[in-house]
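Undergrad: Pasting the sequence and the predicted model now:
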Amino acid sequence: MNLSRPAGYIAEISGGLLCRFLPRSGLLLLLIGLSACLPTSEHPIDTASDVLPSLFSGIWEGELTDGPATLAFLAPGEGTSQASVQGLLIRHRADRPSINEGWLAFEADIASFCGEIFASLKLRQMDGKTVSDGEDGYYLFRIVGSETSFKAVGMNDLVLTELINRGALEGHIDKSATVPRIRLTETARALRAFLITADLDELFSDPFAHFARR
């Protein structure tokens with residue numbers, strides 16, 4: 001995938017033009033969910049020898065926490081890990097779904113073990129521009145669903161804060177901003193090991209999005 005295309009352009013997918021010339025003004029709306037309130041991690045969850053589940057393909061329609069969106073998974077590029085995927089997330093206006101508000105390009109490492117699926121998502125471009133330092137890092141999600149529909153659930157910041165404060169996970173909490181920013185510093189392998197025994201329903205309880213295959 002070539003992420004250096006001009007701003008406002010998205011490549012053709014599955015023989016059809018997904019969308020084009022998206023308004024820059026809608027970009028901030030798309031990023032409401034991926035803001036300072038969502039924890040980030042310096043490392044992705046270790047994928048070990050995991051193989052990418054087949055649900056990470058094609059085009060999906062659904063909802064973010066603040067409005068409708070389209071999700072498109074792209075064919076992996078050369079040198080891409082067998083457990084990694086690239087994609088585009090396009091946000092639409094809630095009152096007029098046919099109007100696009102902005103888009104972002106991402107890469108995600110997909111870890112699948114013990115009957116669970118986790119996505120470590122890293123932003124690459126937003127509306128054609130490289131992400132800023134403030135959006136650096138991985139967003140960790142639990143993926144719950146099937147071949148036809150799934151939901152992405154984020155980490156609960158209160159639970160994560162407690163785990164960091166008592167030393168169960170390594171990380172730091174920046175309280176200088178209006179909304180504290182949580183940053184995990186555990187290694188990829190340590191994250192995987194922790195999730196094997198963690199209470200996943202408690203740790204991942206912040207709904208972010210749900211999609212159905214188109």
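TA: Now that the structure is in, tell me what you want to look at.
Undergrad: What's the local residue count around the nearest residue in space to E42 that is not next to it in sequence?
TA: Closest residue in space to E42, ignoring its immediate chain neighbours: T185 at 5.2 Å, by CB to CB, 6 or more residues apart in numbering. Backbone N, C-alpha and C define where each C-beta goes, glycine included. Counted by other CB atoms under 10 Å, the residues lying close to T185 total 13.
Undergrad: Report the contact partners of T185.
TA: 41-43, 170-172 (CB atoms under 8 Å, 6 or more residues apart in numbering).
Undergrad: run the last query once more with 6 Å
TA: Contacts for T185 (CB atoms under 6 Å, 6 or more residues apart in numbering) come out as 42, 170-171.
Undergrad: same check, this time on W60
TA: Contacts of W60 (CB under 6 Å, 6+ apart): 71, 211, 213.
Undergrad: Mind doing that once more with 10 Å?
TA: W60 makes contact with 69-73, 87, 89, 148-150, 209-214, according to CB atoms under 10 Å, 6 or more residues apart in numbering.
Undergrad: nearest to T197, of these?
TA: For these, the closest approach to T197 (CB to CB) belongs to F150, at 23.7 Å.
Undergrad: Break down this structure into its strands, ranges please.
TA: 12-13, 16-17, 40-41, 59-64, 67-74, 84-92, 100-113, 116-126, 129-130, 139-145, 149-155, 171-174, 181-184, 204-213 (DSSP state E).
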